[in-house]
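Undergrad: Here's a sequence, model it:
(chains A and B)
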Amino acid sequence: MKIATWNVNSIRVRLPHVLAWLEKEVPDVLCLQELKCESAVFPRDDFRELGYQVQVAGQKTYNGVALVSRCDAEDVVVGMPLFDDVQQRVLAATFQGVRVISVYCPNGESLTSDKYTYKLRWFDALHDYLKSALSEYPRLVVAGDYNIAPEDRDVHDPVEWAGEVLCSLPERDRFKALLNLGLVDGFRQFPQEERAYSWWHYRVNAFKRNLGLRIDHVLASTALTLDLRQCTIDRAPRGWERPSDHAPVVAEFL
DNA sequence: ATGTCTCCTAAGAGGAGA
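TA: Numbering: from 1, shown residues only, chains lettered A, B, ... in the order given. Next up is the predicted model:
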């Protein structure tokens, strides 16, 4: 089972990229983030023509997550039931016995921003939500844009980014707390090239110079990690014309 | 180095968010 995640930064703008990528990579489930469109106007028909079903939690202008799949989605849950939030950032469903959650974690803006305190509160809520999800679904994947670079090796210039948003200690502690629940960073289960990132700023030719961060992650429960065969970042779409600033992350399970 | 991209409001640029 091939499960991928991709922050597309507007599904309407990125639709040709996403469709082309689906045809090429043929994942079983694709978690999408930053749709920036309401559920009612999500381009479902284009996906249906490729044989994909779509579950959407969208909203106008900001945020928005989806689950695109070749098989039926069961037990679809929008958001975190115990965390009231107008921002659409979480969507869960079960595919062939595997629980998959698409997450678009808050960016935080800066350490002094109200958005940063919201980010930390949001991660505390995610921690509790995933704790209960793990007890209900031992075979669990949580994939998305975490907006956290877990370690210095996930940052192109750890000195420049030290203590900044996406890299700060409170954020990294929250990420570790998720792993402590019994989740595994799929990417780090395998030998990887150095300087492997999933996001590059649009500015300063960041992609060509590989000035990036690894902030998109596929976390898997320990039980499911036994079946994990590969986890890679597909840099190719980031080099296409008018790209998202994020690259897809792909995990292959038995 | 306020640099790039997307979307909104509202009628032309400018702000928000990332």
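
Undergrad: Spatially central, which residue of chain A would that be?
TA: residue A:144 (0.9 Å; CA atoms, centre = their mean).

Undergrad: Quick check on that one: phi, psi?
TA: phi 170, psi -170 (degrees, to the nearest 10).

Undergrad: nearest residue to it other than its sequence neighbours?
TA: Sequence neighbours aside, residue A:103 is the residue nearest to residue A:144 in space, at 3.6 Å (criterion: CB to CB, 6 or more residues apart in numbering). Placement of C-beta: from N, CA and C, glycine included.

Undergrad: part of a helix, is that neighbour?
TA: No - using DSSP: H, G, I helix; E, B strand; the rest coil, the secondary structure at residue A:103 is strand, not a helix.

Undergrad: got the contact list for the residue of chain A found nearest DNA strand B?
TA: Here chain A gets closest to DNA strand B at one residue, residue A:10, 3.2 Å apart by CB to the nearest atom of the strand. Contacts for residue A:10 were tallied using CB atoms under 8 Å, 6 or more residues apart in numbering; they are A:34, A:35, A:36, A:37.

Undergrad: and if we set it to 10 Å?
TA: Contact partners of residue A:10, counting by CB atoms under 10 Å, 6 or more residues apart in numbering, are A:34, A:35, A:36, A:37, A:61, A:64, A:244.

Undergrad: Could you pull up the contacting residues of the first one?
TA: With CB under 10 Å, 6+ apart as the criterion, the residues that contact residue A:34 are A:6-11, A:14, A:62-65, A:89, A:104, A:144-145, A:244-246.

Undergrad: Give me the subset of those residues lying in strands.
TA: Among those, the members falling in strands (DSSP state E) are A:6, A:7, A:65, A:104, A:144, A:145.

Undergrad: which residues does the second one bridge with?
TA: Beta-bridge partners of residue A:7, counted by DSSP bridges, are residue A:33.

Undergrad: so it makes contact with residue A:89?
TA: No - using CB atoms under 10 Å, residue A:7 is not in contact with residue A:89, being 11.6 Å away.

Undergrad: Now do the shared contacts for these two.
TA: Common neighbours of residue A:7 and residue A:89, counting by CB under 10 Å, 6+ apart, are A:33, A:34, A:65, A:104, A:144, A:145.

Undergrad: Distance check, the nearest residue to residue A:140 once chain neighbours are set aside against residue A:110.
TA: Nearest non-adjacent residue to residue A:140, counting by CB to CB, 6+ apart: residue A:221, 4.2 Å away. Distance check for residue A:221 against residue A:110: by CB to CB, to the nearest Å, it reads 33 Å.

Undergrad: Spell out, range by range, the strands that occur in chain A.
TA: A:2-7, A:29-33, A:53-57, A:65-69, A:74-78, A:90-95, A:98-104, A:140-145, A:183-185, A:199-200, A:212-213, A:216-221, A:228-233, A:249-253.
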